[in-house]
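In: Next one to model:
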Amino acid sequence: MNVNRWVDDRLAVLDDGNEWQPDASLARARLRYLDRQARIKRRWAWATAAAACLGLLAFVQPQACATPRGCFQRVSGKTASRPTETAPVAESTNPAPASVSAQTAKPQAVTPAPQTGAARSYKESGSPDAPIACEIYSDYECPSCAVFYRDTMPLLVAEYVQTGKVKLLHRDFPLAQHPYARLAARYANAAGQAGQYDKVVSRLFQTQDMWSTSGDIESQLAAVLAPAVMRTVRDTVAHDPRLDDTVAARSGDGRH
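Out: Model prediction:
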């Protein structure tokens, strides 16, 4: 085969191209179109990445008010003063969530996952053999923690804790701008020693708007605890010098 002749024959049948003229306006329009398409694709990519990150944070590392700026201190009229520090609250061991809403809407109940093995802390829930341990630092007077307990905790428990994938570890993290947060943690820990931790945590978050303005935590808990249990909790809060030990220790962990 004569390749040169073959090429010459093909070239001979082509138009000489003398009639073609460049169209600058058409070229610019085409470039603008391609640029718009590229920007749209980049925006969708960023939006998808942001949604994925938010979903991951919601279930893997929920932000339960670890940053004080996310909280605000509700004070009616005068500046709320910190109540007298009664005795500190000791840490017991039992399952515990981290935050529930204090709105009028009734929060969903969080059912702790079944536990196995030896006696555990009332602040732990889920299988002790779960491959992931999720530490949740929360403040009972923090509105963001209440929203987390109401909206995110039930999903976290149902999809990860009860299926044995994750175990939860509650950590007290009372913030300085919340005058009754430490007292609420003492009541919760005293209730944990009496085997009523989950019930008290849920009540604290449900009625947050009421006791956070006055510090009257006891009247709210008395509505859900039996009189004998309430007396035990009140006595523990007043006289147990160990109740603040874990609060102080976990607050230090949270700052690191």
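In: Next, count neighbours for the residue nearest to residue 184 when sequence neighbours are not counted.
Out: Leaving aside its sequence neighbours, residue 184 sits nearest to residue 140 (CB to CB, 6 or more residues apart in numbering; 3.8 Å). For the C-beta atoms, the positions are set from N, CA and C on the backbone; glycine is no exception. By other CB atoms under 10 Å, 31 other residues sit near residue 140.
In: Pretty sure residue 137 sits against residue 171.
Out: Yes. Counting by CB atoms under 8 Å, residue 137 touches residue 171, with 4.5 Å between them.
In: hang on, the earlier thing: before we move on, what SS does the residue nearest to residue 184 have?
Out: When classified by DSSP: H, G, I helix; E, B strand; the rest coil, residue 140 comes out as coil.
In: any idea of the pLDDT on it?
Out: On pLDDT, residue 140 comes in at 94.
In: Let me see the contact set for it.
Out: With contacts defined as CB atoms under 8 Å, 6 or more residues apart in numbering, residue 140 is in contact with 99, 174, 181, 184, 185, 188, 201, 204, 205, 208.
In: Please repeat the previous calculation with a cut-off of 7 Å.
Out: Residue 140 makes contacts with 181, 184, 185, 188, 204, 205, as judged by CB atoms under 7 Å, 6 or more residues apart in numbering.
In: Next: residue 133.
Out: Taking CB under 7 Å, 6+ apart, we find residue 133 in contact with 167, 169.
In: now with 8 Å?
Out: If you count contacts by CB under 8 Å, 6+ apart, residue 133 has them with 166, 167, 169.
In: Wait, a helix at it?
Out: No. Counting by three-state DSSP, residue 133 falls outside a helix, being strand.
In: can you pull up the bridge partners for it?
Out: Assessed by DSSP bridges, residue 133 has beta-bridge partners residue 167.
In: What helix or strand is residue 198 located in?
Out: Element membership of residue 198 [criterion: DSSP states H and E] is helix 197-206.
In: ok, and for that helix, which residues are buried?
Out: Residues 197, 198, 200, 201, 202, 203, 204, 205, 206 are the ones in helix 197-206 that count as buried (16 or more other CB atoms under 10 Å).
In: Could you export those residues as TSV, including pLDDT and distance to residue 32?
Out: Converted to TSV, the buried residues of helix 197-206 look like this (pLDDT from 0 to 100; distance: CB to CB, whole Å):
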residue	pLDDT	distance to residue 32
197	93	63
198	92	61
200	94	63
201	94	58
202	92	58
203	94	61
204	95	58
205	94	54
206	91	56
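In: Of these, just say which sits nearest to residue 30.
Out: For the buried residues of helix 197-206, the closest approach to residue 30 (CB to CB) belongs to residue 205, at 58.5 Å.
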